[in-house]
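Visitor: Take this sequence and fold it.
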Amino acid sequence: MADYKITYEDGTTGIIVASEEMARTVAGNGSYELVPTPQETPEQRADTAAFEARRWRDAELNRTDKFVTVTDHPDHAAIMSYRIALRDWPADADNFPDTRPTIGS
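Guide: Numbers count the residues shown, from 1 in each chain. Next up is the predicted model:
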């Protein structure tokens with residue numbers, strides 16, 4: 001499946017998502033051409049990676065929220081240290097390292 005620009009006999013155009021065979025069929029006596037897919041730039045890939053890292057970090061903070069008030073939990077100190085490491089990760093807001101914080105490290 002890909003995007004195809006269809007130009008009908010009457011000159012009107014449209015974009016469809018289809019196989020090449022379907023694009024040919026839909027175009028009929030008109031024409032069709034593959035619309036190139038924009039390539040992701042290194043900056044966009046970095047933005048996506050940072051977004052995913054932030055999403056993971058935020059989910060971990062939400063997951064461990066309940067332990068903040070349970071001071072008699074056997075791993076309370078380790079969980080609190082983990083939460084601090086999550087908030088400090090990364091030191092540079094735009095550069096998430098590959099190594100994620102873990103509980104007890």
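Visitor: make it CA atoms for all contacts and neighbour counts henceforth
Guide: Will do.
Visitor: What values do phi and psi take at residue 16?
Guide: Phi and psi for residue 16, reported as degrees, to the nearest 10, are phi -130, psi 160.
Visitor: what about the residue most central in space within the chain, is that helix, strand or coil?
Guide: Centroid-nearest residue in the chain, with CA atoms, centre = their mean: residue 48, separated by 5.1 Å. Under DSSP: H, G, I helix; E, B strand; the rest coil, residue 48 falls in the helix class.
Visitor: In contact with the nearest residue in space to residue 67 that is not next to it in sequence, which residues?
Guide: Leaving aside its chain neighbours, residue 67 sits nearest to residue 76 (6.8 Å; criterion: CA to CA, 6 or more residues apart in numbering). With contacts defined as CA atoms under 8 Å, 6 or more residues apart in numbering, the neighbours of residue 76 are 67, 68, 70.
Visitor: how near is residue 76 to residue 82?
Guide: 10 Å (CA to CA, to the nearest Å).
Visitor: continuing past the least confident helix or strand in the chain by mean pLDDT, what's the next helix or strand?
Guide: Here the helix or strand of the chain ranked lowest by mean pLDDT, DSSP states H and E is helix 42-64, holding a mean of 86. Once the chain leaves helix 42-64, the next helix or strand it forms, by DSSP states H and E, is helix 76-88.
Visitor: how far out from the middle of the chain is that next one?
Guide: 25 Å (CA atoms, centre = their mean, to the nearest Å).
Visitor: Break this protein down into its domains, please.
Guide: 2-34, 38-105 (automatic domain parsing).
Visitor: Mean neighbour count, these: which tops it?
Guide: Across these, averaging neighbours per residue (mean count of other CA atoms under 10 Å) puts domain 2-34 on top, at a mean of 15.
Visitor: Report the separation between the two terminal residues of that domain.
Guide: Using CA to CA, the end-to-end distance of domain 2-34 comes to 7 Å.
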